[in-house]
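S.K.: Structure for the following, please:
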Amino acid sequence: MKQTHGLSDSQIAALRGCSSASVANAIETLNVRPRSEGYVGPEVRCLFPSLPPMVGYACTAVVSSRVPPPEQARVSVLDLWKHIESMPAPRVVVLHDMDEERVRGAFWGEVTGNIYTRLGCVGTVTDGAVRDLDEVRALGFHFFAAKVCVSHAYIHVVDVGVPVEVGGLLVRPGDLLHGDQHGVVQVPLGIAGEVAEAVRRVEERERTIIEYTRSKDFSAEGLAAMMGVKKG
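M.R.: Predicted coordinates for the structure are as follows:
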């Protein structure tokens, strides 16, 4: 069976069958990190909630748009393309816009959506801006972004293949990301192969609780006992 950076195609497919909220719940049960860490904050929104979940390995870069790039720039977009090709597929491009609250241009649009789809990318996560929403949605390419902007201004690549912080999440090249209408969660590689089964266990327990809330025998005391809630 084909392997993808330690995960098989079937394991990747299984993760795509889970919601990001369920993935976050499942990771909590595996006790690998604090519950307040490992996901992008609500300032970075899913712009195409009707698309199926996005799963891919992070390719990282820093961009800026307020002023033109220097004539002797240290890196270019070609360096980003090479970085992407060096990473396992499927790929997610994670961009930190160094202009932050003063973002003036969108890196992402119809043309870039087509280019990066061809490079094996399935979406982007950025604290910067995007545009051409209808055209990119039609591609099936996910946009998780903090802003929408009409222009690309002087957008250019400043750095490539470095750790970046987006929406409060530190992302390193090769990190496994899962995103859908709820947001983006980083899936620790060491337990990634266990997450789909952990999701199944969590959802089974949740169904039991929901079924009890709908039963004629429901009571607060019974629910507390089922959920292991201790008396105050």
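S.K.: how about low-confidence regions in this structure?
M.R.: Judged by pLDDT under 70, the chain has its weakly predicted residues at 1-5, 232.
S.K.: Spatially central residue for it, please.
M.R.: Residue closest to the mean C-alpha point of the chain, counted by CA atoms, centre = their mean, is Val184 at 3.5 Å.
S.K.: which ones are touching that one?
M.R.: Val184 makes contacts with 20, 39-40, 44, 46, 54, 125, 144, 167, 169, 177-178, as judged by CB atoms under 8 Å, 6 or more residues apart in numbering. The way it works is simple: take the backbone N, C-alpha and C, and place the C-beta from them, glycine included.
S.K.: Is it possible to get the residues you listed out as CSV so that each row also shows neighbour count and secondary structure?
M.R.: Converted to CSV, the contacts of Val184 look like this (neighbours: other CB atoms under 10 Å; DSSP: H, G, I helix; E, B strand; the rest coil):
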residue, neighbour count, secondary structure
Ser20, 24, helix
Tyr39, 24, strand
Val40, 26, coil
Val44, 24, coil
Cys46, 22, strand
Met54, 27, strand
Val125, 31, strand
Phe144, 26, strand
Gly167, 22, coil
Leu169, 22, strand
Leu177, 26, strand
His178, 27, strand
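S.K.: In terms of secondary structure, what does the helix or strand encompassing Glu204 contact?
M.R.: If you go by DSSP states H and E, Glu204 is part of helix 192-213. Contacts defined by 3 or more CB pairs under 8 Å, 6 or more residues apart in numbering; DSSP states H and E place helix 192-213 against helix 9-16, helix 20-29, helix 220-227.
S.K.: And these: which comes nearest Ala89?
M.R.: Nearest of the helices and strands packed on helix 192-213 to Ala89, taken as CB to CB: helix 9-16 at 9.4 Å.
S.K.: Run the angle between that closest one and helix 20-29 for me.
M.R.: Interaxial angle, helix 9-16 versus helix 20-29 (axes from the mean of the first three to the mean of the last three CA atoms, to 10 degrees): 110 degrees.
S.K.: Identify the residues contacting the helix holding Glu204?
M.R.: 6-7, 11, 14-15, 17-18, 22-23, 25-27, 29-30, 176, 187, 218, 222-223, 226-227.
S.K.: Identify each buried residue in it, please.
M.R.: For helix 192-213, burial by neighbour count (16 or more other CB atoms under 10 Å) applies to 192, 194-196, 198-199, 202.
S.K.: so how far is it off the chain centroid?
M.R.: Between the centre of helix 192-213 and the centre of its chain there are 22 Å (CA atoms, centre = their mean, to the nearest Å).
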